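**Student:** Only the shape, not the letters, is given here:
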């Protein structure tokens, strides 16, 4: 019995505990990201924002969640029921599983695999399937057009994101995200790779279909696009998935360019602050940029979105891969990828 506990039950229980330690705070962060968005944009517009439910409106996210939970789930008559239900579940699940390889601190990662960067690229690429499934299964022209827009947009900007990740991989010499963070101990990659960091920031805006790249939703012409036929908890899963993806992408940018959990300077008292706190602060800074852009920038036309991805970012990032590779080979610092 002791052997059964030590070999099978306890290791499995410990993994479940670690998963819950990541997922539960993440769900709370998603809930309060919606509150922060409404409050920050209200301040920028000189409004009050949520201020009725609870002190300072702090219970508003829970009121919204309860409202969606109690609503009736309506499935359109002509919809493909199976795919219609699976689509939001897939979108939400992919936003969760990406956190399996992102380190919050030294040794604080669910799965410290050697191909963590490749894993993140794969998970981000799979996100398009949930959107396409929702657009097709709804049997609505608005949803279908929104799904097509999202698929084209995500594919366009994933290419540039992939090349930027290759540049970081060449600099660090490893696909392990912990190694990438430790390689930035002396200097964060945002400094030598500043143009690529800016492009990556713009790409994650497009990848998550946020302003000014929210063409797949298109309230004026597509009435929220691919999720127009969804209601209650099915819609809530898309909503949670969108905001969870924002946090995932911000965490990726923090890990690749802002030194992950490393402090701004290795001096007291900054180096006494725990690594996860630094990671959360940096991720919050990137998330603030998401909200700031939404409050200030107008939406692009769709042809401008495609032109930026294919004719500007793709050539620039491809050239960056060639230049960085050439410099590393010329200086004798070409890494052995591990």
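**Tutor:** Perfect, thanks for sending it. For clarity, every value in this text was computed on a predicted model and none was experimentally measured. Numbers count the residues shown, from 1 in each chain.
**Student:** Show me what stretch 39-56 is in contact with.
**Tutor:** With contacts defined as Cβ atoms under 8 Å, 6 or more residues apart in numbering, stretch 39-56 is touched by 35, 38, 57, 59-60, 62-63, 288, 291-292, 294-296. Every residue, glycine included, has its C-beta placed from N, CA and C.
**Student:** buried sites along the helix or strand where residue 152 lies?
**Tutor:** Here residue 152 sits within helix 141-172, counting by DSSP states H and E. With burial defined by 16 or more other Cβ atoms under 10 Å, the residues of helix 141-172 counted as buried are 142-154, 156-161, 163-172.
**Student:** List only buried entries from the contacts of stretch 39-56.
**Tutor:** Buried by 16+ other Cβ under 10 Å: 35, 38, 57, 60, 291, 294, out of the contacts of stretch 39-56.
**Student:** neighbours around the residue lying closest to the second one once chain neighbours are set aside, how many?
**Tutor:** If I follow you right, that is residue 38. Among residues not flanking residue 38 along the chain, residue 49 sits closest, at 4.8 Å (Cβ to Cβ, 6 or more residues apart in numbering). Counted with other Cβ atoms under 10 Å, residues neighbouring residue 49 total 17.
**Student:** try residue 39
**Tutor:** Per other Cβ under 10 Å, the neighbour tally for residue 39 reads 21.
**Student:** what about the spatially closest residue to residue 231 that is not a sequence neighbour, which SS state?
**Tutor:** In space, residue 231 comes closest to residue 74 once its chain neighbours are excluded; the distance is 5.0 Å by Cβ to Cβ, 6+ apart. Three-state assignment for residue 74 (DSSP: H, G, I helix; E, B strand; the rest coil): coil.
**Student:** next one: the one 5 residues further on
**Tutor:** Recorded secondary structure, residue 79: coil (three-state DSSP).
**Student:** quick one: pLDDT of the closest residue to it other than its chain neighbours?
**Tutor:** Closest residue to residue 79 apart from its sequence neighbours, by Cβ to Cβ, 6+ apart: residue 139 at 5.1 Å. For residue 139, the pLDDT comes out at 81.
**Student:** Run through who's touching stretch 237-244.
**Tutor:** The contact list for stretch 237-244 (Cβ under 8 Å, 6+ apart) reads 26-27, 30, 33-34, 68, 88-89, 91-92, 94-96, 130, 134, 208-209, 227, 230.
**Student:** So for it, what gets flagged as buried?
**Tutor:** 237-244.
**Student:** so the residue nearest to residue 79 touches residue 83, yeah?
**Tutor:** No: assessed by Cβ atoms under 8 Å, residue 139 is found out of contact with residue 83, at 10.3 Å.
**Student:** will you turn the contacts of stretch 39-56 into TSV that also has pLDDT, distance to residue 180 and secondary structure?
**Tutor:** Listed next are the contacts of stretch 39-56 as TSV, based on pLDDT from 0 to 100; distance: Cβ to Cβ, whole Å; DSSP: H, G, I helix; E, B strand; the rest coil:
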residue	pLDDT	distance to residue 180	secondary structure
35	90	32	helix
38	89	34	helix
57	84	38	helix
59	88	39	coil
60	88	37	helix
62	88	36	helix
63	88	40	helix
288	92	23	helix
291	90	27	helix
292	91	27	helix
294	86	29	helix
295	85	32	helix
296	87	32	helix
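**Student:** thinking again about what came up before, what's the separation between the residue nearest to residue 79 and residue 176?
**Tutor:** Distance, residue 139 to residue 176, using Cβ to Cβ, to the nearest Å: 44 Å.
**Student:** Which one's more surrounded, these two?
**Tutor:** Using other Cβ under 10 Å as the criterion, residue 139 and residue 176 rank with residue 176 on top: 21 against 15.
**Student:** Excluding residues flanking it in the chain, which one is nearest the more buried one?
**Tutor:** The shortest distance from residue 176 to any non-neighbouring residue, by Cβ to Cβ, 6+ apart, is to residue 114 (5.1 Å).
**Student:** Pretty sure residue 178 is one of the things that neighbour touches, is it not?
**Tutor:** No: in this structure, residue 114 is not within contact of residue 178 by Cβ under 8 Å, at 9.9 Å.
**Student:** who's in contact with residue 257?
**Tutor:** 168, 188-190, 193, 197, 200.
**Student:** and the closest residue to residue 166 other than its chain neighbours, what is it in contact with?
**Tutor:** Spatially, and ignoring its direct neighbours in sequence, residue 166 is nearest to residue 321 (5.4 Å; Cβ to Cβ, 6+ apart). Residue 321 sits next to 163, 166-167, 170 when contact means Cβ under 8 Å, 6+ apart.
**Student:** same question, residue 215
**Tutor:** 149, 153, 209, 299-300, 302, 305.
**Student:** now it: how far from residue 128?
**Tutor:** To residue 128, residue 215 is 15 Å away according to Cβ to Cβ.
**Student:** can you check residue 12 too?
**Tutor:** From residue 12 over to residue 128 the distance is 32 Å, taken as Cβ to Cβ.
**Student:** These two: who's more crowded?
**Tutor:** Taking residue 12 and residue 128 together and counting by other Cβ under 10 Å, residue 128 has the greater number of neighbours (20 against 10).
**Student:** Helix, strand or coil: sort out that one for me.
**Tutor:** Per three-state DSSP, residue 128 ends up helix.
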